[in-house]
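K.L.:
Prediction below, plus the sequence it came from.
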Number of protein chains: 2
Amino acid sequence: MRSAIRTGALRGLPPSNPTSGPLHSGLRNLGGRTTRRLSIPPASGFHSKHRDCSEALATVAKLPDAEPVAPVAPRERITIADIKERRAKAGRLVAPTAAYSDADMFKAPSTGKPKAKRWDHHLTKESTLREPCKLKQAAKHLKTPGLISLGGGLPCPEYFPISSLSLHIPIPPNFSEAATLPPNGGEDVHIGKYDAATFGESKEYDLSIALNYSQATGSAQMTRFVTEHVELVGAAPPYADWRTCLTVGSTGALEQTLRMLCDGVGRRDSLLTEEFSFSTALETAAPLGIGVVGVAMDGEGLLPEAMDAVLSGWEVGERGGRRKPHVLYTVPSGQNPTGATQSEGRRRAIYEVARRHDVFVVEDEPYYYLQMQKPGVEPPTSVEAFLDGLIPTYTSMDVDGRVLRMDSFSKVVVPGSRMGWITASEQIVERFIRHAEVANQGPSGFSQVILHKLLDERWGHEGYLRWLMNLRIEYTKRRDVMVAACEELLPKEVVSWTVPQAGMFQWLKVNHTLHPHASTKSILEIEDEIFNSCIARGVLVARGSWFRAEHGTPPSGLYFRATFAAATPENMREAIRRLGEAIRESYQM
Amino acid sequence: MRSAIRTGALRGLPPSNPTSGPLHSGLRNLGGRTTRRLSIPPASGFHSKHRDCSEALATVAKLPDAEPVAPVAPRERITIADIKERRAKAGRLVAPTAAYSDADMFKAPSTGKPKAKRWDHHLTKESTLREPCKLKQAAKHLKTPGLISLGGGLPCPEYFPISSLSLHIPIPPNFSEAATLPPNGGEDVHIGKYDAATFGESKEYDLSIALNYSQATGSAQMTRFVTEHVELVGAAPPYADWRTCLTVGSTGALEQTLRMLCDGVGRRDSLLTEEFSFSTALETAAPLGIGVVGVAMDGEGLLPEAMDAVLSGWEVGERGGRRKPHVLYTVPSGQNPTGATQSEGRRRAIYEVARRHDVFVVEDEPYYYLQMQKPGVEPPTSVEAFLDGLIPTYTSMDVDGRVLRMDSFSKVVVPGSRMGWITASEQIVERFIRHAEVANQGPSGFSQVILHKLLDERWGHEGYLRWLMNLRIEYTKRRDVMVAACEELLPKEVVSWTVPQAGMFQWLKVNHTLHPHASTKSILEIEDEIFNSCIARGVLVARGSWFRAEHGTPPSGLYFRATFAAATPENMREAIRRLGEAIRESYQM
């Protein structure tokens, strides 16, 4: 069993296809739509020299070819009008307490599309062994007319001590805090305990449903919203059997995903990720015994050639007995910590490497909607123009079903919702749900009913997309404040950066080779010195070393991460001034 | 390393103590307060014959004695007046975004008490390997006056699109739904975004704090509430270094706990639990490879002698190479599914067995406050009388720190809060938090701020305890409706039950030996027949077999679980009538 899993990764691949050139020669014809050459970006920014992509190029020719590229349809986008029409046709959503639901109930027909591939050979034993929750399964009988349930121990809503909730929220397009506060603006909206039963057509969700137990997927009401949203933004996969599932946020979703795909102890699995990666993701993998392999990056993020080289050159013996990695964890937009954003071409190239090596891709996109406005270009005024400008998601190009995408409301609505969702194939989502049933039972009902009222019932899809359009402009302004402060206040002789195109983070490279004690002090010692000096001067930045994927190797450079999400413009400037002072002092400038 | 863990369980035990008699001879002097004899209950109810406790008694004498019993202080209870005085002395709680907090900040001084034992030998490798979340740890610097943080990627609350929340809630003691609805009664309470900054003394928590990221322990504001609550109800452990930690509900808390204590694959660990146990708990353990061992029960729940016998007679060779269990999972009050409630004596006896075999106890108490009113006795009118009547918790008798208690708001406030808390020793809680940081980041901020407003700010501890007092009377009434319906409508020739003293469940034993096809049909076949007939007649009950701890062994009897939590009294009666019909039909009565 175990050896079958070990060797299964390369099984079933067709023989070398002479029509598909080696990876680095460029992307092949993708569905007759685009044929583009993959330009190899220069090894710059924080792309460390010892992982130069030229090494990747040297080994790539040895590889077996990937499967023939299936036709990739252009990114499909459903329109808001489509959704409205579909909802009108479907009629009122009747989804009482703990009702079963899935994305198929709400998405466009997928007639004629192929199904996703099966990933049995990638699943862990733990995930494979999961059985459905017996008590949740029994909910299917609740559909029987006239049935009285003495089954699940669901409390009677009569005993819920909250008879209604009201929110004060912005009215689109007046999103600013000042424009929302009474008496200037905003509106009060009300959620009653029995709205769905009381108000018939106009209300579909209420406290009696949301505050009771539900399926671990979350409510039907929010499942519908996120499923439609995925279609609207063009993130729906091109295969037929994709699904969504609400999560308790991407932190929890990642742990569930890793336990589903990586067995660090028995199978000795490893995880590919960016050379510098989200520290919490690394902290999730480490205690599970999962080896983490950092892939070199440049200003556009992870380098496909470097990923290919790592995989092609993988020797189990040289890697402490670790199996060749079969999972990639990547943050494509505004990567944490580097702020790097993968272009569409970069994403397609990485996806091709994943196909070539049968790698499953975990696409973590908390900052996807914080893609910045280009300087000198007028921001889009229509929702369509905004959506057209977004870089396509991995899911949208995922002909195989090898991508699990994680979305989150944390960065774009509120972190305290502890709520997000995943998009993946039915097989993967089903296994994920089986774990959610015992790991958390889905997100808070308060979070669900409040976000449903705000996003679905009051704002609707258009209002929410306009909120996101507004938010990205706010973050663009904040980014500009930080970049201007860096330009003005940091010693550019030693500090360099790439202007982030998305997200919340400015990644600062400090040239350690120019440090006066470079020959005697280690990079980590210099980092420590500057960090402590920063604290003493009243600024907290994140140390680059916190984010190193591989702690066992020597650091490739000296970095700090600064966020432009939180501080006021004045404080941001002052904080960068203090950071500049700390660096100058350490460098004796 | 692994063998050290394997053999460590019995290390450090003092030699046999001649003053402590064998377990079954009765409980020893507990702190000079009580000396009681443990009466062996008759093998009745759903206590299956093949696990008769007489077998346990036959083997108990072979065991090494437990450690000498440490003096157990009488259950300590802090009063509401104490809490009020303590809060007044401490002054306003200032706990901004992501502030670190722990129970020690809020609990009574523990001067002179010993510390809990260390449990390193019980922890899994996964748990031992956990490192603190670097980004959350950096929050300690935020205390530096004047510091500007460019550290964590916390969104600015300016971009939270909810400027206030209002709730309509009951005013104690008028808790009924009718008395709460406007215009009859209840009150509207308001949570603003910047209440803590705006209103100084009177407000300590608001949306700007609750809806941002927080520590994985949950907010300081709710940590204070649950810590004080634990002391008020007398659930505080008698050792010094106990802590609390908010959870995403007991479902998630149990998974975290099992991953902390049981390694099903590497160490081949097993879990002890009641012979019939909460199916979701069993579904949590199974995919982790944890063996589940069911311990015989009677009408008072798990039998200590049977537990002792299982542990004493444990032969690794006969158990498929599984290590002797070192963790007990138990639901002491209104056990799910059997409705059994362990008396104080029963709990103390089980705790002694746990000490004797170095077993860690996971005390899952969702129904603790649903302890029923005794018939013919006037319900308590004072909070003190109510609390005096509650059966002591395992934590209150836990001199070693070998208990982790799970509390939940699901059954007593709303399940949709997805929120509860654990109480355990500092070491255990610290490991639990390390996992929470990557598993969920704590409960929803909406849930926290709403429950804080309701329970802490508006009701206060007294109001909440009065809510619980009211709720247990409501459940007593519901239980009485169901028991009366069973008495009247079930065929008592074949159906028997124990009247539940707590919780939500009536456990019905159907005598399978009297079935007309008992010689040809298996118990599971009869169960299937009756279950399907129930569905056809319009009643859903839970099958007894769903809850069997050990599916590999033949079932000991035919059972159904019926809840009195959800249906109206009329429907409950009608449902029991239908169940009676289904049983009569199957039994050809």
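P.N.:
Nice, thanks for sending it over.
K.L.:
only C-alpha atoms for contact and neighbour calcs from this point on.
P.N.:
Will do.
K.L.:
quick one, helices of the stretch 201-350 of chain A?
P.N.:
For the stretch 201-350 of chain A, helices defined by DSSP state H, counting those that start in this stretch occupy the ranges A:207-210, A:220-232, A:250-261, A:279-285, A:304-312, A:344-356.
K.L.:
Quickly note the distance from residue A:150 to chain B.
P.N.:
Using Cα to the nearest Cα, to the nearest Å, residue A:150 is found at 5 Å from chain B.
K.L.:
Surely that residue is in contact with residue B:568?
P.N.:
No. Taking contacts as Cα atoms under 8 Å, residue A:150 lies outside contact range of residue B:568: 10.5 Å.
K.L.:
circling back: pick the most buried one from the helices of the stretch 201-350 of chain A.
P.N.:
Highest mean neighbour count among the helices of the stretch 201-350 of chain A (mean count of other Cα atoms under 10 Å in any protein chain shown): helix A:207-210, with a mean of 26.
K.L.:
can you tell if it touches chain B?
P.N.:
Yes. Using Cα under 8 Å from any Cα of the partner chain, helix A:207-210 reaches chain B at residue A:210.
K.L.:
Please name every helix or strand in contact with that helix.
P.N.:
On a contact count with 3 or more Cα pairs under 8 Å, 6 or more residues apart in numbering or on different chains; DSSP states H and E, helix A:207-210 meets helix A:445-451.
K.L.:
ok, residue A:150 and residue B:568, which is more surrounded?
P.N.:
residue A:150 (24 against 14; other Cα atoms under 10 Å in any protein chain shown).
K.L.:
The more buried one: what's it in contact with?
P.N.:
By Cα atoms under 8 Å, 6 or more residues apart in numbering or on different chains, the contact list for residue A:150 reads B:539, B:540, B:541, B:542, B:561, B:562, B:563, B:564, B:566, B:567, B:572, B:575.
K.L.:
Could you pull up the contacting residues of the residue in the stretch 151-300 of chain A that chain B sits nearest to?
P.N.:
With Cα to the nearest Cα as the measure, residue A:211 is the residue of the stretch 151-300 of chain A nearest to chain B, at 3.8 Å. By Cα under 8 Å, 6+ apart, the contact list for residue A:211 reads A:160, A:445, A:446, B:414, B:415, B:416, B:417.
K.L.:
what about the fourth one, neighbour count?
P.N.:
Neighbours of residue B:414 under the rule other Cα under 10 Å: 29.
K.L.:
The last one too?
P.N.:
The tally of other residues near residue B:417 (other Cα under 10 Å) stands at 29.
K.L.:
Surely it is in contact with residue A:442?
P.N.:
No. When contacts are counted by Cα under 8 Å, residue B:417 is not listed as touching residue A:442 (10.8 Å).
K.L.:
Tell me which helix or strand residue A:87 sits in.
P.N.:
helix A:80-90 (DSSP states H and E).
K.L.:
which strands and helices sit next to that helix?
P.N.:
Counting contacts by 3+ Cα pairs under 8 Å, 6+ apart, helix A:80-90 packs against no other helix or strand.
K.L.:
Name the residue of the stretch 351-500 of chain A that lies nearest to chain B.
P.N.:
Of the residues in the stretch 351-500 of chain A, the one nearest chain B is residue A:416, at a distance of 3.8 Å by Cα to the nearest Cα.
K.L.:
still on that earlier bit, keep the contacts of residue A:150, but drop any that are not near chain A.
P.N.:
Within the contacts of residue A:150, those near chain A by Cα under 8 Å from any Cα are B:539, B:540, B:541, B:542, B:561, B:562, B:563, B:564, B:566, B:567, B:572, B:575.
K.L.:
who touches the first one in this structure?
P.N.:
In other words, residue B:539. A:147, A:148, A:149, A:150, B:575, B:578, B:579.
K.L.:
Nearest to residue B:510 among these?
P.N.:
Nearest to residue B:510, judged by Cα to Cα, of the contacts of residue B:539 is residue B:579 at 11.5 Å.
K.L.:
Next, count neighbours for the closest one.
P.N.:
For residue B:579, using other Cα under 10 Å, the count is 28.
K.L.:
secondary structure element for it?
P.N.:
For residue B:579, the host element (DSSP H and E) is helix B:569-586.
K.L.:
What count of nearby residues applies to residue A:128?
P.N.:
15.
K.L.:
so which strand or helix has it?
P.N.:
Counting by DSSP H and E, the element that carries residue A:128 is helix A:125-129.
K.L.:
likewise residue A:562?
P.N.:
Secondary structure from DSSP H and E places residue A:562 in strand A:558-563.
K.L.:
what does residue A:404 give?
P.N.:
Residue A:404 belongs to strand A:403-408 when assigned by DSSP H and E.
K.L.:
State the mean pLDDT of that strand.
P.N.:
Throughout strand A:403-408, pLDDT has a mean value of 98.
K.L.:
domains for chain A, by residue range?
P.N.:
What automatic domain parsing lists as the domains of chain A is A:2-60+A:230-444, A:95-119+A:130-143+A:150-216+A:449-469, A:476-586.
K.L.:
How far does the helix ranked longest in chain A sit from its chain's centre?
P.N.:
Longest helix of chain A, by residue count under DSSP state H: helix A:460-489. The chain centre lies 19 Å from the centre of helix A:460-489; the measure is Cα atoms, centre = their mean, to the nearest Å.
K.L.:
Name every strand pairing with the helix or strand following that helix and say which way it goes.
P.N.:
Later in the chain than helix A:460-489, the nearest helix or strand by DSSP H and E is strand A:495-497. For strand A:495-497, the paired strands and their directions (DSSP bridges) read strand A:505-510 (antiparallel).
K.L.:
So for stretch A:518-527, what gets flagged as buried?
P.N.:
Neighbour-count burial for stretch A:518-527, counted by 16 or more other Cα atoms under 10 Å in any protein chain shown, picks out A:523, A:524, A:526, A:527.
K.L.:
With chain B in mind, check whether the helix or strand harbouring the second one reaches it.
P.N.:
Secondary structure assigned from DSSP H and E places residue A:524 in helix A:523-537. Yes. Helix A:523-537 lies in contact with chain B when judged by Cα under 8 Å from any Cα; the contacting residues are A:535, A:537.
K.L.:
Run a quick neighbour tally on the closest residue to residue A:192 other than its chain neighbours.
P.N.:
What sits nearest to residue A:192 in space, not counting adjacent residues and going by Cα to Cα, 6 or more residues apart in numbering or on different chains, is residue A:164, at 4.3 Å. Applying other Cα under 10 Å, we find 20 residues neighbouring residue A:164.
K.L.:
Isn't residue A:164 up against residue A:189?
P.N.:
No. Look at residue A:164 against residue A:189 with Cα under 8 Å: they stay out of range, at 10.5 Å.
K.L.:
Only C-alpha atoms, please: export stretch A:200-213 in CSV.
P.N.:
Only the C-alpha atoms of stretch A:200-213 are listed here, as CSV (Å, rounded to 0.1, in the frame of the first residue of the first chain):
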residue,chain,number,x,y,z
GLY,A,200,-41.6,34.5,3.3
GLU,A,201,-40.2,35.5,-0.1
SER,A,202,-38.0,38.4,1.1
LYS,A,203,-35.9,36.7,3.7
GLU,A,204,-34.0,33.4,3.4
TYR,A,205,-31.8,33.2,6.5
ASP,A,206,-32.3,34.1,10.1
LEU,A,207,-30.9,33.6,13.6
SER,A,208,-33.0,30.4,14.3
ILE,A,209,-31.1,28.8,11.4
ALA,A,210,-27.7,30.5,11.6
LEU,A,211,-27.3,30.1,15.4
ASN,A,212,-28.2,26.4,15.5
TYR,A,213,-25.9,23.6,14.4
